[in-house]
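A.B. asks: Structure, please.
(2 chains, ligands or ions: 1)
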Amino acid sequence: MRLPLSDHRYGEHGVVLPPEAQDRHDDADIDLDLRLAMYRKLQEMRLFEKRAYDLFMRQLVKGTSHLSLGMEAISAGFGAAMRKDDYTFATYRGHAHTLARGVPMTPVLAELLGRSNGLMAGKGGSMHLTSVEHGMMGSYAIIGAHMTIANGAAWSAQYRGSGQVAVCFFGDGTTNIGAFHEALNYAAVYQLPIVFVCENNLYMEYTSIADITAVTHPAADRAPAYGLEPIVIDGNDVDEVYLTARSAIERARGGGGPSLVEALTYRHGGHSRADPGKYRPDAEVEAWKAYDPITIYRGRLLRIGVEESTLDRLDEEVLGAVELATEEAIAGDLPAPESAFTDVWADGGSSWRS
Amino acid sequence: MAELTYRDAVARGIAQEMRRDENVVLIGEDVAGAGGVFKTTVGLLDEFGPKRVIDTPIAEQAILGAAMGAAMTGLRPVAEIMFSDFFAVCWDIVVNEIAKTRYMTNGQVTVPLVIKTGNGGGLRFGAQHSQSIENWAMAVPGLKVVTPSTPEDVVGLMAASIRCDDPVLFFEHKGLYATKAEVPDGDVVDSLGVAKVRRAGSDATILALGMMVPRALAAAEQLAARGIDAEVIDVRSLVPLDTTTILGSVSRTGRLFTVEENPRLLGWGAEIASLAVDECFWDLDGPVQRITTPHVPLPSADSLEDLVMPSADSVAATVEKALQP
Ligand SMILES: Cc1ncc(C[n+]2csc(CCOP(=O)(O)OP(=O)(O)O)c2C)c(N)n1
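C.D. replies: Next up is the predicted model:
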């Protein structure tokens, strides 16, 4: 039931947990090696971001950054379903999306630390991670803008007949900005090979999406208005995400046009580093933390016969890799001062006089 | 040589580049079937077909976003924003995305994109369809800003803009669309960042852009009749800026006048005046003078619009007064 806005009491919106059915994808048609790779990716994202948080607390990572702790299954599932040359467009909450494309941890961490060995040599920072060579076409910090840009990459793929697909991630809050609506109509009109993925973590910054949106599912409920199917999935179950991603990407690649997927999830922490996330009811946070994507997936892998020791070994390997990446990243030099003046223009420089 | 309108020159320039490079595509509202609201893209759909010449929804953010994404991934789009006033609707994509992406990605991403638009006043369209916004664009690092004033320049600068690997904002002046001049046959390709001396003179340098160029030239004729020999320079490209030609002229004549259609505050003439003071102060024989539209939105009534925009008479009067001993 919807209440008029004046009747909303902050902190009393319903908990939109997906139905508890942790074994529903135990028998899914997914190769075991791929499942182990996704498990490893989940851990990599988790431990990487925990490390980033520690470095922030030690004041080595400056500015702000937005973690996706608790939301990793969406990046990992889509990453596993994408072709190497497909395009990712992400938001300022893009660490996991970047790692999902196989970008190594060291340059990503070095970028957060503002070092010359960073992914963009310190000129982008946490909110703008980009690695064209990995199909990571950028992380965008203005709400919704990148949905229109992702359309352009999809259009170019369609024009060139390259078979590439663009996958564009955004949050629930983004569904209320004009660019979202312009982008969806545009993609549908030209049947672009694109998959829009709403990571619905139930909050925009500090405000519950339920308090400021007139429909229950901010993305999926609007999809039919653009001629698209409404798709809501459990975004904490990496197998469910992978299966959805596989079919949406296949459809886009085959000329079937765009899809809009709403994946329900939750961030364990606040919106950004500065935010303790206290506006959320304790019970809601507890319930979602118990429904953690890594816990769920570990349970499934054990049920289908993977040895506990195999998973422990993977965990340890990832931890070792994060330690190494930290050392390598911190060892990087500060960027050369001259680099502040490069690459405004395609000739590499910044001169505005001819 | 054939005589061409400024309006037809736009399509000629785009067609020339579309023939040369199949990655050049055109998108915008009404650009295909209708040939553009200003008829600047007539014939392109017939020649290049609907895959390359595309009518879009009224969605300026979606248009420029798509153009940018395509430019990042191998195409060379020309996107039309119907009236330059509408840039306000998609300014985020222009400023935060198109302009900055190359820098933020440390050169990984290049955005070879032309955004063409109908700019400027004089047609009694009122304050939401008449603005000169080149000074908005010039203030943003990462954008090139071009404003042709003749049909030949339209073709040549359009070609240069499409071939440029940086994003270019291409300001067509609505008030010039119907003007006509000879354009050489064959491919015409110009260079960005080159100002042109339209009339040589020794007593004063008058800088102008777009529709202010013919007005400055008319003013120079009036001044000549009164014994003042003014040099008129068509700036053509605000970014990159041809400071060599501009400051060279100022050093010779000792006097600088800028004729700007944009509202006064922070117009491009202020930047050039500051450059002149920085770099050729000792050559100046008097203060730099800016002739601009005052700091008001453009009115619609013809008598009022004419009153506020710089005219040949007001330019001539300002120069004459300043040069009086
Ligand atoms: C146009 C614009 N308005 C406001 C902001 C400030 N802002 C940054 S993140 C955010 C919330 C976005 O929420 P959502 O889309 O749900 O994404 P999430 O952070 O949950 O991933 C806001 C309002 C912005 N970056 N851009």
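A.B. asks: C-alpha only now, for contacts and for neighbours.
C.D. replies: Will do.
A.B. asks: got the buried residues for stretch A:157-173?
C.D. replies: By 16 or more other C-alpha atoms under 10 Å in any protein chain shown, the buried positions in stretch A:157-173 come out as A:157-159, A:163-173.
A.B. asks: ok, it near the ligand or not?
C.D. replies: Yes. On the criterion C-alpha under 6 Å from any ligand atom, stretch A:157-173 is in touch with the ligand at A:Phe170, A:Gly171, A:Asp172, A:Gly173.
A.B. asks: hmm, back to that, just the buried residues of stretch A:157-173 that are near chain B?
C.D. replies: Under the cut-off given by C-alpha under 8 Å from any C-alpha of the partner chain, chain B has A:Ala157, A:Tyr159 from the buried residues of stretch A:157-173 close to it.
A.B. asks: which residues touch residue 181?
C.D. replies: By default, I'm working from chain A. A:Thr175 (C-alpha atoms under 8 Å, 6 or more residues apart in numbering or on different chains).
A.B. asks: not quite, I wanted chain B
C.D. replies: B:Glu3, B:Leu4, B:Thr5, B:Tyr6, B:Thr150, B:Pro151, B:Glu152 are the contacts of B:Ala181 under C-alpha under 8 Å, 6+ apart.
A.B. asks: Then B:Ala316?
C.D. replies: Per C-alpha under 8 Å, 6+ apart, neighbours of B:Ala316: B:Ala219, B:Ala220, B:Gln222, B:Leu223.
A.B. asks: coming back round to it: list just the nearest of the buried residues of stretch A:157-173 to B:Arg20.
C.D. replies: Closest approach between those and B:Arg20, by C-alpha to C-alpha: A:Tyr159, at 17.0 Å.
A.B. asks: All the strands of the stretch 1-150 of chain B, residue numbers only.
C.D. replies: Using DSSP state E, counting those that start in this stretch, the strands found in the stretch 1-150 of chain B span residues B:2-5, B:24-28, B:53-55, B:76-83, B:114-119, B:144-146.
A.B. asks: B:Ala159: which of these is closest?
C.D. replies: Using C-alpha to C-alpha, those put strand B:114-119 closest to B:Ala159, at 10.1 Å.
A.B. asks: Tell me how many other residues crowd residue 67.
C.D. replies: You didn't pick a chain, so chain A it is. 28 (other C-alpha atoms under 10 Å in any protein chain shown).
A.B. asks: Oops, wrong one, chain B.
C.D. replies: 35.
A.B. asks: what about it, distance to the ligand?
C.D. replies: Distance, B:Ala67 to the ligand, using C-alpha to the nearest ligand atom, to the nearest Å: 20 Å.
A.B. asks: still on that earlier bit, from the residues of stretch A:157-173 next to the ligand, which ones fall inside strands?
C.D. replies: Among these, the residues falling in strands (DSSP state E) are A:Phe170, A:Gly171.
A.B. asks: returning to what we had before: which two of the contacts of B:Ala181 have the greatest separation?
C.D. replies: B:Glu3 and B:Thr150 (11.4 Å).
A.B. asks: Mind checking which of the two has more residues around it?
C.D. replies: B:Thr150 (28 against 14).
A.B. asks: pretty sure the more buried one is touching B:Tyr6, no?
C.D. replies: Yes. Counting by C-alpha atoms under 8 Å, B:Thr150 touches B:Tyr6, with 6.4 Å between them.
A.B. asks: joint contacts of these two?
C.D. replies: Contact criterion C-alpha under 8 Å, 6+ apart; residues shared by B:Thr150 and B:Tyr6: B:Thr179, B:Lys180, B:Ala181.
A.B. asks: ok, the residue nearest to B:Lys196 when sequence neighbours are not counted - contacts?
C.D. replies: Once flanking residues are discounted, B:Lys196 sits nearest to B:Asp234: 5.2 Å by C-alpha to C-alpha, 6 or more residues apart in numbering or on different chains. Going by C-alpha under 8 Å, 6+ apart, B:Asp234 touches B:Ser149, B:Ala195, B:Lys196, B:Val197, B:Arg198, B:Leu207, B:Ala208, B:Leu209, B:Gly210, B:Val213.
A.B. asks: quick one on the thing from earlier: can I get the residues of stretch A:157-173 next to the ligand in TSV with pLDDT?
C.D. replies: Rendered in TSV, the data for the residues of stretch A:157-173 next to the ligand read as follows (pLDDT from 0 to 100):
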residue	pLDDT
A:Phe170	98
A:Gly171	98
A:Asp172	97
A:Gly173	97
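A.B. asks: Just give me the closest of the residues of stretch A:157-173 next to the ligand to A:Thr342.
C.D. replies: A:Phe170 (30.2 Å).
A.B. asks: surely that closest one meets A:Gly144?
C.D. replies: Yes. Contact status for A:Phe170 versus A:Gly144: in contact at 7.3 Å, counting by C-alpha under 8 Å.
A.B. asks: quick one: the helices in the stretch 1-150 of chain A?
C.D. replies: Secondary structure of the stretch 1-150 of chain A (DSSP state H, counting those that start in this stretch): helices located at A:32-57, A:72-81, A:95-100, A:105-112, A:145-160.
A.B. asks: Make TSV from these and add mean pLDDT to it.
C.D. replies: Listed next are the helices of the stretch 1-150 of chain A as TSV, based on pLDDT from 0 to 100:
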stretch	mean pLDDT
helix A:32-57	97
helix A:72-81	98
helix A:95-100	98
helix A:105-112	98
helix A:145-160	98
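A.B. asks: Output those in JSON lines; the columns should cover distance to A:Ile294.
C.D. replies: Formatted as JSON lines, the helices of the stretch 1-150 of chain A follow (distance: least, C-alpha to C-alpha, whole Å):
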{"stretch": "helix A:32-57", "distance to A:Ile294": "7"}
{"stretch": "helix A:72-81", "distance to A:Ile294": "8"}
{"stretch": "helix A:95-100", "distance to A:Ile294": "14"}
{"stretch": "helix A:105-112", "distance to A:Ile294": "19"}
{"stretch": "helix A:145-160", "distance to A:Ile294": "29"}
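A.B. asks: Could I get the residues of stretch A:157-173 next to the ligand in a markdown table, plus columns for distance to A:Tyr140?
C.D. replies: Listed next are the residues of stretch A:157-173 next to the ligand as a markdown table, based on distance: C-alpha to C-alpha, whole Å:
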| residue | distance to A:Tyr140 |
| --- | --- |
| A:Phe170 | 10 |
| A:Gly171 | 12 |
| A:Asp172 | 15 |
| A:Gly173 | 14 |
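A.B. asks: A:Arg300 contacts A:Gln22, doesn't it?
C.D. replies: Yes. Between A:Arg300 and A:Gln22 there is a contact at 7.5 Å, judged by C-alpha under 8 Å.
A.B. asks: neighbour count winner among those two?
C.D. replies: Comparing A:Arg300 with A:Gln22 by other C-alpha under 10 Å, the one with more neighbours is A:Arg300, at 20 against 13.
A.B. asks: got the contact list for the more buried one?
C.D. replies: By C-alpha under 8 Å, 6+ apart, the neighbours of A:Arg300 are A:Gln22, A:Asp23, A:Asp26.
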